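Student: Any chance you can model this:
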Amino acid sequence: MLTDLSIENILFFDIETVPLQSEFKALDPVLQELWDKKSAYFRTMEQTPADVYQRAGIYAEFGKIVCISAGIVFTKEGERFFKLKSFYGHNEKQLLLDFGQLLLSFCANPRNKLCGHNIKEFDIPFVARRMIINCIPLPPVLHIAGKKPWEVQFIDTLELWKFGDYKHYTSLKLLTHILDIPSPKDDIDGSQVGDVYYVQNDIERIAVYCEKDVFATAQLLLRLKGEGLINQKNTVRATN
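Tutor: Numbers count the residues shown, from 1 in each chain. The predicted structure follows:
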């Protein structure tokens, strides 16, 4: 399958999420009670719901998206380049609307695919759920109920690396290391995004971090396809 896949027909993307509020006590009473029940499955006897609230960002019902970064590969004068664009800010509904328009345009061609690392388990369900919560119609590419596997326009690099081993998880950081791909994890990691957003108020830093993951995922797919990597100097960041 990978040999027949053109890298230029792929939109690579990644999302960054944070808890809905900066701290547990800022939640409305109903959500506090529901988080209490949800977190009971993984917190220890000594921990309170507030102690583990930083984990709320990985659940679409208790978290929100603050950045979506996307990128495509293009060729110019025989050399490959990577163009990046990020949708980020405090207005989650607007960034989801903007990303939805990109999906409508790019995925109108059934040959085009969406690609990310662990997107089938995390990014795509999170985006779809937050769109519904924000009363945004789902783009057709996210309507996967009833579709046959070959009709779904998703490529998951984690799934490709599993080779059918459903219990196996390998992080993007580990894969980039063992496959000799320059690591994107040279600043913050996912566990720090909430602090950077709520405490440091540095959304631009989050966007740059997210874009590095998107580029690393593109490089990972190229390695899985047995193709050469893109020169890191050949990245172009869209300004609008």
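Student: Which strand runs longest in the chain?
Tutor: If you go by DSSP state E, the chain has its longest strand at strand 63-76.
Student: Remind me what that strand packs against, helices and strands.
Tutor: With contacts defined as 3 or more Cβ pairs under 8 Å, 6 or more residues apart in numbering; DSSP states H and E, the packing partners of strand 63-76 are strand 10-19, strand 79-88, helix 92-106, helix 124-133, helix 203-224. Using the backbone N, CA and C atoms, a C-beta is placed for each residue, glycine as well.
Student: buried residues in it?
Tutor: For strand 63-76, burial by neighbour count (16 or more other Cβ atoms under 10 Å) applies to 63-73.
Student: Quick one: mean pLDDT over stretch 218-229.
Tutor: Mean pLDDT, stretch 218-229: 95.
Student: Give the buried residues for that stretch.
Tutor: So for stretch 218-229, counting by 16+ other Cβ under 10 Å, buried means 218-224.
Student: just for the chain, where's the confidence low?
Tutor: Within the chain, the stretches with pLDDT under 70 are 1, 184-187, 239-240.
Student: Can you give me the distance of the nearest residue to N109 once chain neighbours are set aside to S105?
Tutor: Nearest residue to N109, sequence neighbours excluded (Cβ to Cβ, 6 or more residues apart in numbering): N9, at 7.6 Å. Separation of N9 from S105 (Cβ to Cβ, to the nearest Å): 14 Å.
Student: Any idea how many residues pack against the residue lying closest to D51 once chain neighbours are set aside?
Tutor: In space, and not counting its chain neighbours, D51 is closest to R43: 6.8 Å by Cβ to Cβ, 6+ apart. R43 has 16 neighbouring residues, counting by other Cβ atoms under 10 Å.
Student: what separates S69 from G164, distance-wise?
Tutor: Taking Cβ to Cβ, one finds S69 at 29 Å from G164.
Student: same check, this time on K83
Tutor: In this structure, K83 and G164 are 33 Å apart, going by Cβ to Cβ.
Student: higher neighbour count, these two?
Tutor: Between K83 and G164, K83 has the larger neighbour count (other Cβ under 10 Å), namely 14 against 6.
Student: Quick check, E92 in contact with M131.
Tutor: No - counting by Cβ atoms under 8 Å, E92 does not reach M131; the two are 9.8 Å apart.
Student: From the chain's centroid, how far away is stretch 150-158?
Tutor: Relative to its chain's centre, stretch 150-158 lies at 14 Å (Cα atoms, centre = their mean, to the nearest Å).
Student: Contacts for it, please.
Tutor: Among residues not part of stretch 150-158, those counted as contacts by Cβ atoms under 8 Å, 6 or more residues apart in numbering are 5, 10, 107, 110, 112-121, 124, 141, 144, 169-170, 172, 175, 217, 220-221, 224.
Student: I am finished for the moment; much appreciated.
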